[in-house]
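> Build me a model from this:
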Amino acid sequence: FPMASGKTSAPPPKAQRDEISFFIAILTYINFATLIILGHIRDLVARLLHPFGVHAWGQEIPIPGYGTLTDEVESFFARRIYRRSRDVFARPVASSPGAWIDIMERTSDDYGRTFTIKKRVAHHALNLGSYNYLGFGEYSEAVTEPVVECMNKCGVSTASPAAELGTMDVHHELERSVARYLGKPAAFVYGMGFATNSLSIPSLVGKGCLIISDTFNHASIVVGGRGSGAKIAVFAHDDPVDLERVLRKAISEGQPRTHRPWRKILIIVEGVYSMEGEVCRLKEIVEVKKKYKAYLYIDEAHSIGAMGKTGRGVVEHCGVDSADVDVMMGTFTKSFASAGGYVAANQEVVDHIRSVSAGSAYAISIPPGVAMQIIQSLRVISGEDGTDLGARKIAQLHDNANYMRREMKKMGLHVLGEEDSPVVPMMIYMPGKIREFSVRLLERNVAIVVVGFPACALSLSRARFCVSAGHTREDIDYGLAQIAEVTEMLQLRYNSPSRSVWSSVSGFLRQRFRFVYQPRRHRLITRCLQLTQ
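Purely as a prediction, here's the structure:
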């Protein structure tokens, strides 16, 4: 593969983010308050009807001698709020994750506690929810045939950790291919994407070290930071100015109590934030990192293969030299339609991770067929297969994503994300509309992913559309037509001219009372939940 040079044009300017209006925020709070009140009424009725025990859809009854699995707040939220819309999450799929998928129908006789498959294929739907960014999730002779051949030769699993008997020639080839593609001296691969962060971070930092993490970083980064033993500080989402403030304060104060200098300071950011569709301001973050001589760790799970002219991620997209990023992490579950993840850095860092990471010593290494899927996908993306298929896939992905985001904004929807990002979030806000939006679209044969608390802030519910290079313009237009119809029906067009009056009122109230909506304001509702117990 040609080495990643980092010499690209400057990325597009940051798009202005749509903010929730005062009026919509109030309605969202009222919506949650209504759900909480109705939930407590249902609990009260359940206790009156079943004084010696709560019915199956009521509170959890602990086994004598054991504690409950959840506390009262978590139990109430799961039973009375989440379970109302549980049928739209984790729908079973009976096909490969291509541009169109087959969705199975299921029913529940116990109010969402369990489900039964009713019909094997109920909908042949447009797939706007999978991470199949470059379309490698479907059969391809250039990719699938070598995978089958590798499985026939090496088996379906190594059945051993990488540090013991789980490393084959195909694993060495994969690590060399990843390192060359990223422009790094070496790389180490894991069999699981989540574990790539949660097991690599504790290998890099420990007691006496400091992690400075973006507020919106993925849960795997949070788990890895907590497991490392290092102190953790956070900075405002994608804000290099706040990052510098936190970094300067940490350096000046040193470690707690002793005030000794930190052994190591590691800044962790994501390339593309999966819930926001936003690209990190990598150039400015690199400047801060260099100024204070910290280390930079970047998670490119959603950007590798999908961002940049040749798919080399946000480093290429932002015009940053890969040498300026100390540790580059990514997963193979999105653009490569495979499994696992990688960490790429200089040889000493990779050798250290390989020798001390629990993922190397205890976890089964990546299966040979999965490794071959990644290798062949990399060959196509980089053009080493002798065709321009990879370049056309990346260009098609960017064209689809930009077209869909642009058309949805024209509808008056609150759409997040930036140019070229394959993740296109659309804000719903009100919890009562999460399920309805998903169900109405599925009735029109469009499959999407909706996101609510705790995956996002309590009052920032959204739908997350993921486009693919496998989508044609006709597919995108069909999806947009259905989205237009459903969003009009559910009154989700918060930027439409018909709601300009409410926008004006909200703007006046925000200016008059200096009201600025913060994502952390959902803690007010969480506190209300606690006080009602």
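
> what about stretch 184-200, average pLDDT?
The average pLDDT for stretch 184-200 rounds to 96.

> got it, and stretch 448-467?
For stretch 448-467, the per-residue pLDDT averages 91.

> ok, and for it, which residues are buried?
Neighbour counts over stretch 448-467 (16 or more other Cβ atoms under 10 Å) mark 448-453, 456-467 as buried. (Glycine included, C-beta is placed from N, CA and C.)

> next one: that stretch to chain centre, how far?
How far stretch 448-467 lies from its chain's middle: 10 Å, per Cα atoms, centre = their mean, to the nearest Å.

> Adjust the sequence numbering to begin at 46 for everything that follows.
From this message on, residue numbering opens at 46, which makes the last subject stretch 493-512.

> quick one: terminal-to-terminal distance for it?
10 Å (Cα to Cα, to the nearest Å).

> tell me what the top helix by length along the chain is packed against?
Using DSSP state H, we find that the single longest helix of the chain is helix 67-94. For helix 67-94, the packing partners by 3 or more Cβ pairs under 8 Å, 6 or more residues apart in numbering; DSSP states H and E come out as helix 117-125, strand 468-474, helix 545-558, helix 567-576.

> Where does the prediction get shaky in the stretch 396-545 of the chain?
Confidence mapping of the stretch 396-545 of the chain against pLDDT under 70 gives the ranges 542-545.

> Helices of that one, residue ranges please.
Per DSSP state H, counting those that start in this stretch, the stretch 396-545 of the chain carries helices over the ranges 403-406, 413-427, 434-455, 479-488, 518-534, 545-558.

> sorry, back to before: so which of the buried residues of stretch 493-512 belong to strands?
494-496, 506-511 (DSSP state E).

> Pick out the most distant pair among the residues you listed.
506 and 511 (17.1 Å; Cβ to Cβ).

> thinking again about what came up before, if you compare the helices of the stretch 396-545 of the chain, which one is most tucked away?
Neighbour counts (mean count of other Cβ atoms under 10 Å) averaged over each of the helices of the stretch 396-545 of the chain peak at helix 413-427, with a mean of 24.

> Between helix 434-455 and it, find me the angle.
80 degrees (axes from the mean of the first three to the mean of the last three Cα atoms, to 10 degrees).

> which other helices and strands contact helix 413-427?
Judged by 3+ Cβ pairs under 8 Å, 6+ apart, the packing partners of helix 413-427 are helix 186-199, helix 214-227, helix 434-455.

> ok, 10 Å please
Judged by 3 or more Cβ pairs under 10 Å, 6 or more residues apart in numbering; DSSP states H and E, helix 413-427 is in contact with helix 186-199, helix 214-227, strand 231-235, helix 434-455.

> Render the CA-only coordinates of the last one in PDB, please.
Coordinates of each C-alpha in helix 434-455 appear next as PDB, following Å, rounded to 0.1, in the frame of the first residue of the first chain:
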ATOM      1  CA  LEU A 434     -13.200   0.100  -7.100                       C
ATOM      2  CA  GLY A 435     -12.100   1.200  -3.600                       C
ATOM      3  CA  ALA A 436     -11.800   4.900  -4.700                       C
ATOM      4  CA  ARG A 437     -15.200   4.700  -6.300                       C
ATOM      5  CA  LYS A 438     -16.700   3.200  -3.100                       C
ATOM      6  CA  ILE A 439     -15.300   6.000  -0.900                       C
ATOM      7  CA  ALA A 440     -16.500   8.700  -3.400                       C
ATOM      8  CA  GLN A 441     -19.900   7.100  -3.500                       C
ATOM      9  CA  LEU A 442     -20.100   7.000   0.300                       C
ATOM     10  CA  HIS A 443     -19.200  10.700   0.600                       C
ATOM     11  CA  ASP A 444     -21.700  11.600  -2.100                       C
ATOM     12  CA  ASN A 445     -24.500   9.600  -0.500                       C
ATOM     13  CA  ALA A 446     -23.800  11.000   3.000                       C
ATOM     14  CA  ASN A 447     -23.600  14.600   1.900                       C
ATOM     15  CA  TYR A 448     -26.700  14.400  -0.300                       C
ATOM     16  CA  MET A 449     -28.800  12.800   2.400                       C
ATOM     17  CA  ARG A 450     -27.700  15.300   5.100                       C
ATOM     18  CA  ARG A 451     -28.300  18.200   2.700                       C
ATOM     19  CA  GLU A 452     -31.800  17.100   1.700                       C
ATOM     20  CA  MET A 453     -32.800  16.400   5.300                       C
ATOM     21  CA  LYS A 454     -31.700  19.900   6.300                       C
ATOM     22  CA  LYS A 455     -33.900  21.300   3.600                       C
END
